[in-house]
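I would like the atomic coordinates for the input below:
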Amino acid sequence: MAGGLALAAIVGTSGYALGSSLGTPAAAAVDSHVSGGSTSTDGGASGQGSSPYLLIPGQGDYGQQYGSGAGGGTDTSTDAVAATAAQKKGVVTIVSQLGYQSAESAGTGIILTSDGLILTNNHVVEGSTATQVTDETTGKTYTATVVGTDKTHDIAVLQLQNASGLTTASLETSGSAAVGDAVTAVGNAGGTGDLVAASGTVAALDQTITTQSEAGVTGETLTGLIQVDADIVSGDSGGPLLDAQGDVVGIDTAASSGSTDITGFAIPISTALDIASQIEAGTETDTIEIGYPGFLGVEVAQAPTGSASGSRTGRGSSSSASGSTASGATVGGVIAGTPADEVGLVAGDVITAVNGTAVASADDLTAKIGQMEPGEVVTLTWTTASGASQTAAVTLTQGPAA
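Got it, this is the predicted structure:
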């Protein structure tokens, strides 16, 4: 990115980041969290050890999702087999368009209600501008909208449009998995659209993991997870972890990379359903975003390497300069056709206030906008590159999923 702007976050989304300059098409990607190596667009991978990996949708491509040891190359071999009809019950495959990245991501989900309420991981739909969901029992595809998301706990709830009579997943809510239990992870491995099943056992409970960062994006810490030795891979995220009776005990979420034996992790179904219930009730909290966030359409820029903090925490956050005395948020780029573009903001402008309240940094700006809703009118104040002060009322549009 020109001018020493190393990283950008698009204001108004929940940490939606681009690893390349604005407008550069990113390669298609399967869902994040289950990855194998460093981000690239050439299909190569360099294994990064055995820690769970975070790959943001749209930053990499399917060719590097499985990973191998250092030195590049990929290993797409797993012990998974084609899912049976019983294992496909209540399971959907998900393809999300990441419109502002010129990319798409793919993942899995489960059907909660016959009229099309879908449970999946947040990272499967994060940054999406349009989502298509296919019921793998009937083969019918639906357009989906985001009911709400919880980035901190990696849960999202979708609603299929014009859906009825769907077969729901069988959920095991009366008890929890136990160490040694036989389990099967079902998912859209590799984003191919064909469900596969990988068998294994529960290795541990109540696990805490921190996913490795990817492409300048900070990893996540997830707690209370089920650890399994089933071959959970990219595209499986959001899919069911089934017990020996075929009931869902967890939501496939993350896995190790850079090792021969895959260690998988799943969110217990009881935990996922508790969050889903809050989302369904329309309860917005510090971690839960209902619907789609407000969207301004600017990239806020990080200072050159060496002076940047690299901090990206909380809803609508971004990286900003550490130790810089300058106030305001420097605009690194503006997306055509967005509210920012319509009021004349350009790269190099510095946004200094929102609704009359001073903006201290890029983090501060994205936090302020991230709390606002589509359709909300915001008064922006900024300083142009020539030093002139400008003020304008901006109506936020609907942003990508948080």
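
Could you measure from the nearest residue to E172 once chain neighbours are set aside over to S170?
Using Cβ to Cβ, 6 or more residues apart in numbering and skipping the chain neighbours, the partner closest in space to E172 is D247 (3.8 Å). C-beta here means a position set from N, CA and C on the backbone, and glycine is covered the same way. Distance of D247 to S170, given as Cβ to Cβ, to the nearest Å: 5 Å.

OK, contacts around the residue nearest to E172?
Listed by Cβ atoms under 8 Å, 6 or more residues apart in numbering, the contact partners of D247 are 170-172.

try A266
By Cβ under 8 Å, 6+ apart, the contact set of A266 is 185, 225-226, 228, 232, 241, 249-253.

10 Å instead, please
177, 183, 185, 202, 207, 225-228, 230, 232, 236-237, 239-241, 248-255, 272 (Cβ atoms under 10 Å, 6 or more residues apart in numbering).

domain parsing for this structure?
31-291, 292-398 (automatic domain parsing).

any idea of the mean pLDDT for the shortest one?
Going back to what we said before, that points to domain 292-398. For domain 292-398, mean pLDDT rounds to 80.

thinking again about what came up before, keep only those of the contacts of A266 that are in strands.
Residues of the contacts of A266 located in strands (DSSP state E): 183, 185, 202, 207, 225-228, 240-241, 248-255.

Where does pLDDT dip in the chain?
Applying pLDDT under 70 to the chain flags the ranges 1-78, 212-219, 258-260, 302-326.

so where's the longest helix in it?
helix 269-280 (DSSP state H).

Now do it: distance to the chain's middle.
Computed by Cα atoms, centre = their mean, to the nearest Å, the chain-centroid distance of helix 269-280 equals 18 Å.

And for stretch 116-133?
That offset, for stretch 116-133, works out to 9 Å (Cα atoms, centre = their mean).

In PDB, could you pull the C-alpha coordinates for it?
Extracted C-alpha coordinates of stretch 116-133, given in PDB (Å, rounded to 0.1, in the frame of the first residue of the first chain):
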ATOM      1  CA  GLY A 116     -34.300 -22.000   8.100                       C
ATOM      2  CA  LEU A 117     -32.500 -20.700  11.200                       C
ATOM      3  CA  ILE A 118     -28.800 -21.700  10.800                       C
ATOM      4  CA  LEU A 119     -26.000 -21.900  13.400                       C
ATOM      5  CA  THR A 120     -22.400 -21.500  12.200                       C
ATOM      6  CA  ASN A 121     -19.100 -19.900  13.200                       C
ATOM      7  CA  ASN A 122     -18.800 -16.200  12.900                       C
ATOM      8  CA  HIS A 123     -15.600 -16.500  10.900                       C
ATOM      9  CA  VAL A 124     -17.500 -18.400   8.200                       C
ATOM     10  CA  VAL A 125     -19.500 -15.300   7.400                       C
ATOM     11  CA  GLU A 126     -17.300 -12.400   8.700                       C
ATOM     12  CA  GLY A 127     -16.900  -9.700   6.100                       C
ATOM     13  CA  SER A 128     -19.600 -11.200   3.900                       C
ATOM     14  CA  THR A 129     -21.800  -9.000   1.700                       C
ATOM     15  CA  ALA A 130     -24.000 -11.900   0.400                       C
ATOM     16  CA  THR A 131     -24.400 -15.500   1.500                       C
ATOM     17  CA  GLN A 132     -25.800 -18.600  -0.200                       C
ATOM     18  CA  VAL A 133     -26.700 -21.700   1.900                       C
END
